[in-house]
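In: sequence plus the predicted model coming up.
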Amino acid sequence: MHQEIRQNLEDYLRGAELPAEIRSHLGECAECVGELQALQSQAELLRSLRSPTDLEPRAGFYARVMERIEAQPASIWSVFLERKFGFRLALASAALVTLLGAYLVTSEPSSPEFSSSPAVVLTDTPQTAQASIDQDGPRQQQQRDAVLVDLASYRQ
């Protein structure tokens, strides 16, 4: 019963008539009466904060708001269209490409003879391969043999 009354208390505060059973319950239940009085005092406080007259914005308010909206950039991407920012972005991109190119040119081996990758070892001519095998230790020879066996026995 309390839940039913709590749901209808706001209607009563708006001025609606309460059914007879709710009025009789309010006569018996002090808890519901206390809640009703608290809601009434809150409603009165809110009404006292209301301005006596309806406030209208000053003349030109809407025009000023629209001007501010139109003056703002349309999106985040419009920042790239600004001349100074675009120039700085292009300059930074060119510097990055230059640095990456210089790194790649200086860090890559210039000829396959200096490379120690397995592909170069396997595709070497027999004379240079034998010379490099003779210079290497037995452990590296064992690893090369294992790679050759794996390649020879590979099946799809």
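Out: Arrived safely. Numbers count the residues shown, from 1 in each chain.
In: so how far is the helix with the most length in the chain from its chain's centroid?
Out: When the chain is parsed with DSSP state H, its longest helix is helix 83-107. Here helix 83-107 is found 27 Å from its chain centre; the criterion is C-alpha atoms, centre = their mean, to the nearest Å.
In: distance of the residue sitting nearest the centre point of the chain relative to E82?
Out: Centroid-nearest residue in the chain, with C-alpha atoms, centre = their mean: I76, separated by 15.2 Å. The spacing between I76 and E82, counted by C-beta to C-beta, to the nearest Å, is 12 Å. Using the backbone N, CA and C atoms, a C-beta is placed for each residue, glycine as well.
In: please apply the same query to Q37.
Out: 62 Å.
In: do the same with A38
Out: Distance of A38 to E82, given as C-beta to C-beta: 58 Å.
In: which secondary element of the protein has the worst mean pLDDT?
Out: helix 118-123 (a mean of 51; mean pLDDT, DSSP states H and E).
In: helices or strands up against the helix or strand harbouring S41?
Out: Applying DSSP states H and E as the criterion places S41 in helix 30-49. Contacts defined by 3 or more C-beta pairs under 8 Å, 6 or more residues apart in numbering; DSSP states H and E place helix 30-49 against helix 2-14, helix 20-28.
In: okay, the ones you listed in TSV with distance to A92 and mean pLDDT next?
Out: TSV is the format used below for the helices and strands packed on helix 30-49 (distance: least, C-beta to C-beta, whole Å; pLDDT from 0 to 100):
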stretch	distance to A92	mean pLDDT
helix 2-14	61	73
helix 20-28	73	80
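In: these: which one's closest to L151?
Out: Closest to L151 of the helices and strands packed on helix 30-49 is helix 2-14 (C-beta to C-beta; 80.2 Å).
In: buried set for the closest one?
Out: Buried positions in helix 2-14, judged by neighbour count with 16 or more other C-beta atoms under 10 Å: I5, L9, Y12.
In: how about these in CSV, adding distance to A94?
Out: Putting the buried residues of helix 2-14 into CSV (distance: C-beta to C-beta, whole Å) gives the following:
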residue, distance to A94
I5, 75
L9, 71
Y12, 74
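In: relative to R88, which of the residues you listed is nearest.
Out: R88 lies nearest to L9 out of those, by C-beta to C-beta, at 63.8 Å.
In: need the contact list for that closest one.
Out: Contact analysis of L9 by C-beta atoms under 8 Å, 6 or more residues apart in numbering lists C32, E35, L36, L39.
In: can I have the buried ones of those residues as a ChimeraX selection?
Out: Burial among those is assessed by 16+ other C-beta under 10 Å; the matching ChimeraX selection reads:
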select :32,35,36
